[in-house]
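Peer 1: fold the stuff below for me.
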Amino acid sequence: VAGGRAGVLAVGLLAIDPLYLHESVTLQAEAPSVALGAVAVALAMVAARFRPNQRQRRWWALGSGGALAAGTLIKLFAIVALVPVVVYLAAPLFITLAPYVARRAWPPLEVPRAGVRLILPGLAWCALGMLAVAALVLLPFAPSWPQLAAQAISFHLAAAGATSGGLRAHAQIIAAALGWLPLAL
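Peer 2: Presented below is the predicted three-dimensional model:
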């Protein structure tokens, strides 16, 4: 944003920052999750530029749902992007109701119905994108779903119940959840 020289300076400062170097080699799920949530919102914004019946809107809504599902599968925190995605895809409904809101009048029942009919395809394509990505990622694990769910839930429950018992206590919790001490260490 500030130009090439500022970019080079920023890269140089990051290269000598010990905290940045330490954090760059650790796996943190928040950044990719939030990034994919932002991509989902951006794709929904692009979809909102097209008329509800245009083919391009469907593809952008499908991509938005896919990005949202990918971000949510990385970390559940990305689900907060669902609200702006739905708001952007529901823009035709808001546009339909805007004249009545401006006059502070109730619209006839057929006006909101028509608006809902306009937004349902975009929302359906978004949901289809979410389901497709979720299926693509989760179906290979179908035979192991009970173990996958048990591990994910037991890790969260153990983390919630963890005390400040020190490294040994935490290693025992992880080892019990994994069932294999060398991997936990």
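
Peer 1: run a quick neighbour tally on residue 153.
Peer 2: 11 (other C-beta atoms under 10 Å). Bear in mind the C-beta positions are built from the backbone N, C-alpha and C, glycine included.

Peer 1: if I look at it, how far off is residue 139?
Peer 2: 20 Å (C-beta to C-beta, to the nearest Å).

Peer 1: same question for residue 49.
Peer 2: Distance from residue 49 to residue 139, by C-beta to C-beta: 33 Å.

Peer 1: name the residue in these two with the higher neighbour count.
Peer 2: The neighbour count for residue 49 versus residue 139, taken as other C-beta under 10 Å, is higher for residue 49 (12 against 9).

Peer 1: where does the more buried one land in three-state SS?
Peer 2: On the three-state scheme (DSSP: H, G, I helix; E, B strand; the rest coil), residue 49 is labelled coil.

Peer 1: residues in contact with it?
Peer 2: Neighbour list for residue 49: empty [criterion: C-beta atoms under 8 Å, 6 or more residues apart in numbering].

Peer 1: going forward can the numbers begin at 177, since that is how I track them
Peer 2: Yep, numbering from 177; the last one is residue 225 now.

Peer 1: so it versus residue 327, what's the distance?
Peer 2: 42 Å.

Peer 1: one more: residue 291?
Peer 2: Counting by C-beta to C-beta - residue 291 and residue 327 are separated by 44 Å.

Peer 1: more neighbours, these two?
Peer 2: The neighbour comparison of residue 291 against residue 327 (other C-beta under 10 Å) goes to residue 291, with 20 against 14.

Peer 1: tell me which element the more buried one falls in.
Peer 2: helix 286-314 (DSSP states H and E).

Peer 1: what's the mean pLDDT across that helix?
Peer 2: Helix 286-314 shows a mean pLDDT of 92.

Peer 1: report the buried residues of that helix.
Peer 2: 291, 294-295, 298-299, 301-302, 305-306, 309-310 (16 or more other C-beta atoms under 10 Å).

Peer 1: before we move on, what about stretch 321-334?
Peer 2: Result for stretch 321-334 [16+ other C-beta under 10 Å]: no buried residues.

Peer 1: what's the helix or strand residue 277 falls within packed up against?
Peer 2: Using DSSP H and E, residue 277 falls within helix 267-278. Helix 267-278 is packed against helix 286-314, with contacts defined by 3 or more C-beta pairs under 8 Å, 6 or more residues apart in numbering; DSSP states H and E.

Peer 1: ok now the helix it packs on, how far from the chain's centre?
Peer 2: 16 Å (C-alpha atoms, centre = their mean, to the nearest Å).
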